[in-house]
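Engineer: sequence below, structure please.
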Amino acid sequence: MAETLVFPGKVEWSGENPGISLKEAPDGPFTTLASFFRVVLSPHGRGHALVLLQSPQEAAPPADRANLCLTDNETLARWLVADYVAHFGAWRGLPGLQGLQYRGLDSVTAGGDAITHYTETVRAGAMTVELAWSGLGTPFCFALAPAQSATGRHHMPSLFVGCESATVTVDDRRRAGAPIPREIAGQRITTAMLAFSETWIRA
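Structural biologist: Alright, predicted model coming up:
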């Protein structure tokens with residue numbers, strides 16, 4: 001019988017964190033970044049948050065390209081942004097996070113079968129944002145050691161599903177760009193992936 005594996009440390013949060021990062025050219029800057037959270041356990045309770053940078057390189061963009069966090073638990077969302085999102089590789093040091101606007105969301109709806117395609121649709125007042133993933137790959141489960149995790153301080157057992165293509169649509173306007181290839185845990189995926197059963201454990 002295989003030895004039981006118990007991760008040392010404190011479980012800080014657990015849930016889902018699918019994301020989409022888009023570029024218009026593989027060697028260019030990211031044009032849109034979206035990180036969606038469905039948290040089932042945390043010190044700040046349960047909740048949802050969509051962190052959306054429509055202007056990653058601007059701290060104060062025009063209203064039609066605002067950088068937003070749509071959430072039903074602002075305390076949780078601010079903690080996730082400060083302690084996690086700000087450390088994610090594509091997000092680290094971006095001016096767009098400095099002027100992030102927090103807005104209450106009204107609904108969150110998941111769609112698709114998570115085998116061929118998947119969607120998350122977030123509504124906040126008159127705004128609707130749809131994240132869509134397609135061309136889904138084979139799910140794989142892995143655990144990053146603290147030194148390899150985004151924060152450098154957490155174990156991160158996760159189930160990932162790579163995606164060939166993905167879109168971010170804001171009020172029926174599709175954001176420019178496409179995901180680009182990347183590798184994680186020896187798997188070739190893209191900068192659009194589904195991250196389910198994700199748990200962050202402070203070492």
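Engineer: so for whichever helix or strand residue 40 is part of, mean pLDDT?
Structural biologist: Assessed by DSSP states H and E, residue 40 sits inside strand 30-41. Mean pLDDT, strand 30-41: 98.
Engineer: who's in contact with the helix or strand just after it?
Structural biologist: Sequence-wise, the next helix or strand downstream of strand 30-41 (DSSP H and E) is strand 47-53. With CB atoms under 8 Å, 6 or more residues apart in numbering as the test, strand 47-53 has contacts from 30, 32-39, 67-73, 76-77, 80-81, 85, 91, 94, 96-97, 100, 105, 108, 120, 122, 129, 131, 168, 170. Where you see a C-beta, it was placed from the backbone N, CA and C, and this is true even at glycine.
Engineer: so what's residue 161 bridging to?
Structural biologist: Here residue 161 shows beta-bridge partners residue 194, assigned using DSSP bridges.
Engineer: quick check: it touching residue 197?
Structural biologist: No: counting by CB atoms under 8 Å, residue 161 stays clear of residue 197, with 10.8 Å between them.
Engineer: now stretch 164-180, how far from the centre of its chain.
Structural biologist: Computed by CA atoms, centre = their mean, to the nearest Å, the separation of stretch 164-180 from the middle of its chain amounts to 14 Å.
Engineer: please identify the buried residues of it?
Structural biologist: Neighbour-count burial for stretch 164-180, with 16 or more other CB atoms under 10 Å as criterion, is recorded at 166, 167, 168, 170, 175, 177, 178, 179, 180.
Engineer: model confidence at the first one, what's the number?
Structural biologist: This means residue 166. Looking at residue 166, its pLDDT stands at 98.
Engineer: go on, the fifth one?
Structural biologist: For residue 175, the pLDDT comes out at 97.
Engineer: what sits against it?
Structural biologist: Going by CB under 8 Å, 6+ apart, residue 175 touches 22, 31, 32, 54, 167, 168, 169.
Engineer: and the residue nearest the centre of this structure?
Structural biologist: residue 35 (2.4 Å; CA atoms, centre = their mean).
Engineer: for that residue, name its beta-bridge partners.
Structural biologist: With DSSP bridges as the criterion, residue 35 is bridged to residue 19, residue 51.
Engineer: thought it was touching residue 94?
Structural biologist: No: contact criterion CB under 8 Å: residue 35 and residue 94 do not qualify, at 11.9 Å.
Engineer: CA atoms of whatever helix or strand residue 70 lives in as PDB?
Structural biologist: According to DSSP H and E, residue 70 maps onto strand 68-71. What follows is strand 68-71, C-alpha atoms only, in PDB (Å, rounded to 0.1, in the frame of the first residue of the first chain):
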ATOM      1  CA  LEU A  68     -11.500  45.500 -12.100                       C
ATOM      2  CA  CYS A  69     -12.100  43.000  -9.400                       C
ATOM      3  CA  LEU A  70     -15.800  41.800  -9.400                       C
ATOM      4  CA  THR A  71     -16.600  40.000  -6.100                       C
END
